[in-house]
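Engineer: sequence first, then the predicted structure:
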Amino acid sequence: MPPDLRLFGIRHHGPGSAASLLAALDTFRPDIVLLECPADGEAALATLRDPALVPPVALLLHNPRQPGQATFLPFAEFSPEWQAVRWCQREGAHVRCFDLPMAIRFAREELGSEKEELMLDEAVPQEDAPPEAAPAPDDNSTFLIPDSQLTHDPVAYLARLAGYADSEQWWETHLEHAPGNADTFALVLELMTALREESQRPETAETLLREAYMRETLRATLAQGYPRVAVVCGAWHAPVLTDPNFQKKEDKALLKGLKKAPVEATWLPWTYERLSTSAGYGAGVLSPAWYELLFTTPRAEVVTQWMVRAARLLRAQDLAASSAHAIEAVRLATTLAAVRGLSLPGIEELQEAAVALLGGGYAEGLAVVQRELVLGEKLGEVPPGQPATPLQQDLSQQQRALRLKPEPSRKPLALDLRQETHLLRSHLLHRLRLLAINWGRQQRVAEGKAGTFHEEWELEWPPEMALAVLDAGRWGNTVLAAAAARATARAAEAPTLPAVSQLLDEALRADLGPAIGPLVARLETLAADTRDVTHLLGALPPLAQVLRYGNVRRTDTSQVAQVVAQLVPRLAIGLPAACAGLDTEAAQPLLEQLEATHAAIRLLEDARHAADWYAALAAVARGATSNGLLAGAATRLLFDAQQATADDTATALGLALAPAQPTTYATAWIAGFLRGSGLVLIHHRPLFDLLDTWLGGLAEEVFREIVPLLRRAFAEFSAPERRQLLELAAADAAAPRAAAEVLAFDWARGARVLPVLRQLVGAYI
């Protein structure tokens, strides 16, 4: 007797498909189930017996020789594939993965075949998941559907025929909301067969290869003599599997001689956010949290349960959401569904009712409901001991030792580097950043803590971070060894001194002892060959940070000090020439480097370095060919550092703005001198007094010529800053007048009381 073959075309991650599939399997009782999943993932499915594997999770298949070749196969509790495997394990049936192995797909990529998406559910565009909404027809047009849509998007074509502009809504209404019914699959098969015959859509080479492999595996399974065989696959593939002998010779020829790449498999925790279409997942769903509730809750209670949870969430946010509100919202959602001809309210009806009754007509207050009851924040779990690379194992061990749990949600982390555990956490995060594993993003330290013992981080571990860990494994078997090797390789490739200087700063923050020697050697080599002053200027600030705060991290900075001792004299000698003959556009980036280097010199607190630097600034300020912007800034920096007196600075100011100077030079000079916000002038009283005194001493004719230049410089200040400067100047102008009024005395009138005063005091006045 020939085997009994049943095809169950499902929608990936569809709760209705999952419920109907369970009902169908209970009725059919197959001996073996062929599952649309890469064949090299079959062994990993045995892990589903472990209760420690809690969905959502993803099966990661990757090429250990090429970490960039990897694919994630997500599973949720409401995924039909997940339920099919669990059914087989409960009932003692065999399960076999019969999709094209990833080993073949990876090898095709290495051979230069046309690269396509490797996600299982994305490999066939839109056939298994309802596509995005098609544009609604014009109100005055007839309901016509172009033939091109049938070819490009057959499921959307069906939805439009049924009167739906949104194919996702059509699929959810007619299939996902329906109670578990085994007869659903016969209807789906009939629909998909008609669509494939009518559309004649040309399939991709990847799809044709996958379907050929499925048929070949199906033929081999039927030949093994199983009495009852069930096939669980995406609905679009089901029509080409009805006849096992279809294209038998063509399939063998197509699959002959295909090369394979090595593949390893492991399980990773996944999130509902990554399972949603909003995350860019091609076979994702709009509302994973709602689908879970739809699958796990009796149909008669699902709407009430959702609305009760929404009310509780809002009350937890101190928002008004009473039981009466929830009851009325359930009634409204049910009424909306009835008006729209739906057997059960969908997520759209639930959200509209929640906005109207729980949100008072405003959707903004329901963000927490969208986050937790529509998308969901659930994170899966995997059992310990999953296959992992040495780097993964080392990282996991350090995460446990330092009590840093990887979580998909963003979490702030404040570190005090004086504490041993906090220092080790900082080292780990900096090492991972060097490996492009951006678990932590360093934040700006709160005012008053910068540059001391404090660091602020924001941690976020999305599931796909595992791929970055896999990729980093090629650099070493431990986090320290891999980060050191990666930093050394980057230094060897770095063409400029600032790049290596910045890399050295990062390596010291990460405490990469094995990499410091090669980095310093590379730095010395580039420094000796560099003639470009801008490169020297760019290299100094990171090195100054290392020297100033290296003791906080308990790192040896003696080698860095030697490099700095060579850099400072060289850049001081070359700076005046570098500032000469530049236009304003070329001077702008150099000015930023000038200011950064000035801050670095002051940070070093070294008298010799400071003397060399101030001499270079003085040469720039006095240079006849120096750019006006740079000369003005140099004059200001010298005045701020008390290396130039107020009289000398006032003289320089007068010479720069003298009528004989070109307008472009004078404008650039005053812009450089007053660079920064107006708050500097407001709070830097010596600088304000200098400018005020200089302006007060100008002749009226000279003042009129200077005003346009000053107006341009002050135009960069904000309106509140200009107003405060005006008030400050007005107060200073009023002070002498008030003093004069106090000292003013009418001597003639005062003389009248002198005789009386003489008699009173008995003396001459």
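Structural biologist: Looks like it arrived, so ask away.
Engineer: for the rest of this, base every contact and every neighbour count on C-alpha atoms.
Structural biologist: Fine.
Engineer: what is the neighbour count of the closest residue to residue 387 other than its chain neighbours?
Structural biologist: Spatial nearest neighbour of residue 387, excluding adjacent residues (Cα to Cα, 6 or more residues apart in numbering): residue 266 at 5.7 Å. Neighbours of residue 266 under the rule other Cα atoms under 10 Å: 19.
Engineer: next one: residue 399
Structural biologist: By other Cα under 10 Å, the residues close to residue 399 number 15.
Engineer: just to revisit the earlier point, OK, contacts around the residue nearest to residue 387?
Structural biologist: Residue 266 is in contact with 44, 59-61, 386-388, counting by Cα atoms under 8 Å, 6 or more residues apart in numbering.
Engineer: again, only this time at 7 Å
Structural biologist: Neighbour list for residue 266: 44, 59-61, 386-387 [criterion: Cα atoms under 7 Å, 6 or more residues apart in numbering].
Engineer: report the beta-bridge partners for it.
Structural biologist: Here residue 266 sits in beta bridges with residue 60, going by DSSP bridges.
Engineer: let me know the pLDDT of it.
Structural biologist: For residue 266, the pLDDT comes out at 87.
Engineer: any idea how far it lies from residue 77?
Structural biologist: Relative to residue 77, residue 266 is positioned 18 Å away (Cα to Cα, to the nearest Å).
Engineer: same deal with residue 499?
Structural biologist: With Cα to Cα as the criterion, residue 499 and residue 77 are 48 Å apart.
Engineer: could you identify the helix or strand that succeeds the lowest-mean-pLDDT helix or strand in the chain?
Structural biologist: Within the chain, no helix or strand scores below helix 147-152, which has a mean of 55 by mean pLDDT, DSSP states H and E. Downstream of helix 147-152, the next assigned helix or strand under DSSP states H and E is helix 154-161.
Engineer: and that next one, what does it pack onto?
Structural biologist: With contacts taken as 3 or more Cα pairs under 7 Å, 6 or more residues apart in numbering; DSSP states H and E, helix 154-161 sits against helix 167-171.
Engineer: and the gap between residue 263 and residue 389?
Structural biologist: From residue 263 over to residue 389 the distance is 13 Å, taken as Cα to Cα.
Engineer: more neighbours, these two?
Structural biologist: residue 263 (21 against 16).
Engineer: pull the number of nearby residues for residue 354.
Structural biologist: Quick note: residue 354 (other Cα under 10 Å) scores 28 neighbours.
Engineer: quick one: what helix or strand has the residue nearest to residue 329 when sequence neighbours are not counted in it?
Structural biologist: In space, and not counting its chain neighbours, residue 329 is closest to residue 353: 5.1 Å by Cα to Cα, 6+ apart. In this structure, residue 353 sits in helix 347-357 according to DSSP H and E.
Engineer: repeat for residue 229
Structural biologist: Secondary structure from DSSP H and E places residue 229 in strand 228-234.
Engineer: any idea which helix or strand comes after that strand?
Structural biologist: Once strand 228-234 ends, the next helix or strand along the chain (criterion: DSSP H and E) is helix 248-255.
Engineer: that next one: which residues count as buried?
Structural biologist: Neighbour counts over helix 248-255 (16 or more other Cα atoms under 10 Å) mark 251, 255 as buried.
Engineer: over to stretch 401-417?
Structural biologist: Within stretch 401-417, the residues that count as buried by 16+ other Cα under 10 Å are 406, 408, 413, 415, 417.
Engineer: among those residues, which two are most distant?
Structural biologist: 408 and 417 (25.3 Å; Cα to Cα).
Engineer: now residue 63: how far from residue 102?
Structural biologist: Residue 63 sits 9 Å away from residue 102, going by Cα to Cα.
Engineer: which one of the buried residues of stretch 401-417 is nearest residue 326?
Structural biologist: The shortest approach to residue 326 among those belongs to residue 408, at 30.8 Å (Cα to Cα).
Engineer: could you report the distance from the closest one to residue 75?
Structural biologist: As judged by Cα to Cα, residue 408 and residue 75 stand 17 Å apart.
Engineer: just the element for residue 98, please.
Structural biologist: Here residue 98, judged by DSSP H and E, is contained in strand 94-99.
Engineer: so what are the sheet partners of that strand and their directions?
Structural biologist: When sheet partners are counted by DSSP bridges, strand 94-99 sits next to strand 32-38 (parallel).
Engineer: okay, buried residues for the helix or strand that residue 598 is a member of please.
Structural biologist: In the assignment (DSSP H and E), residue 598 maps to helix 584-604. Buried residues in helix 584-604, counting neighbours by 16+ other Cα under 10 Å, are found at 584, 587, 590-591, 593-594, 596-598, 600-601, 603-604.
Engineer: which of the helices or strands spans residue 611?
Structural biologist: Residue-wise, residue 611 maps onto helix 607-622 under DSSP H and E.
Engineer: could you pull out the buried residues of that helix?
Structural biologist: If you call a residue buried by 16+ other Cα under 10 Å, then helix 607-622 has these buried ones: 609-610, 612-621.
Engineer: reformat the residues you listed as TSV; add pLDDT.
Structural biologist: Converted to TSV, those look like this (pLDDT from 0 to 100):
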residue	pLDDT
609	88
610	90
612	89
613	89
614	90
615	91
616	90
617	90
618	89
619	89
620	87
621	85
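Engineer: out of these, who's nearest residue 533?
Structural biologist: Nearest to residue 533, judged by Cα to Cα, of those is residue 616 at 12.3 Å.
Engineer: and the closest one, how far from residue 575?
Structural biologist: 6 Å.
Engineer: go on, residue 595?
Structural biologist: Separation of residue 595 from residue 575 (Cα to Cα): 13 Å.
Engineer: equivalent analysis for residue 473, please.
Structural biologist: Residue 473 is 44 Å from residue 575, by Cα to Cα.
Engineer: and the buried residues of stretch 401-417, which is closest to residue 372?
Structural biologist: Using Cα to Cα, residue 408 is the member of the buried residues of stretch 401-417 that sits closest to residue 372, with 14.0 Å.
Engineer: element containing that closest one, please.
Structural biologist: Following DSSP H and E, one finds residue 408 outside all helices and strands.
Engineer: for it, give me its contacts.
Structural biologist: Residues near residue 408 by Cα under 7 Å, 6+ apart: 460-462.
Engineer: and those residues as JSON lines, adding pLDDT and neighbour count?
Structural biologist: Listed next are the contacts of residue 408 as JSON lines, based on pLDDT from 0 to 100; neighbours: other Cα atoms under 10 Å:
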{"residue": "460", "pLDDT": "91", "neighbour count": "18"}
{"residue": "461", "pLDDT": "88", "neighbour count": "18"}
{"residue": "462", "pLDDT": "85", "neighbour count": "18"}
